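Engineer: what follows is a protein structure lacking sequence information:
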């Protein structure tokens, strides 16, 4: 199952530089990044080519980092592509706690990454409906 690295960081200049420098020095490549503001602190969420190594390096540098299981699906890059995935999750009463996405090839494919309480259940439900689930290796190599 894919993982994202979540870093709890003080909301001040230099936080992104510090995180990205640590990862660079460890030879870990960032595939996607999001930041969430929560007042004085925030959360930096990272998709890395090697999340375990990345989390270890960040922790070794004194940062608060954790691994989170995520579900990654391929979505057709067209109007309604994500709505189809959302409808399946809704029908199965699976709540999305956190999410982000990006396109890999304009007009063809996007990737939707999301966190839920039970990632294995979400993967199974989506797979049964014919949704393409990305493995950790596939996601990290995008």
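Structural biologist: Ah, there it is. All values derive from a computational prediction rather than experimental measurement.
Engineer: give me every residue that touches the nearest residue to residue 99 once chain neighbours are set aside.
Structural biologist: Closest residue to residue 99 apart from its sequence neighbours, by C-beta to C-beta, 6 or more residues apart in numbering: residue 114 at 3.9 Å. In short, each C-beta sits where N, CA and C put it, glycine included. Applying C-beta atoms under 8 Å, 6 or more residues apart in numbering to residue 114 gives the contacts 70, 71, 96, 97, 98, 99, 100, 122.
Engineer: so which of the residues you listed are in strands?
Structural biologist: 71, 98, 99, 100 (DSSP state E).
Engineer: the last one and residue 33 touch, don't they?
Structural biologist: What that stands for is residue 100. No - with contact defined as C-beta atoms under 8 Å, residue 100 does not count as touching residue 33 (9.2 Å).
Engineer: what do these two both touch?
Structural biologist: residue 45.
Engineer: ok, the ones in strands among the contacts of residue 114 vs residue 43, which is closest?
Structural biologist: Within the ones in strands among the contacts of residue 114, proximity to residue 43 (C-beta to C-beta) peaks at residue 98, which comes in at 9.1 Å.
Engineer: list the beta-bridge partners for that closest one.
Structural biologist: As for beta bridges, residue 98 partners with residue 115 under DSSP bridges.
Engineer: outline the domain layout of the chain.
Structural biologist: 3-69, 71-140 (automatic domain parsing).
Engineer: could the ones in strands among the contacts of residue 114 go into a markdown table alongside pLDDT, distance to residue 20 and neighbour count?
Structural biologist: Shown next, in a markdown table, are those (pLDDT from 0 to 100; distance: C-beta to C-beta, whole Å; neighbours: other C-beta atoms under 10 Å):
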| residue | pLDDT | distance to residue 20 | neighbour count |
| --- | --- | --- | --- |
| 71 | 97 | 25 | 27 |
| 98 | 91 | 21 | 16 |
| 99 | 93 | 22 | 16 |
| 100 | 92 | 17 | 16 |
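Engineer: that concludes my questions; thank you for your assistance.
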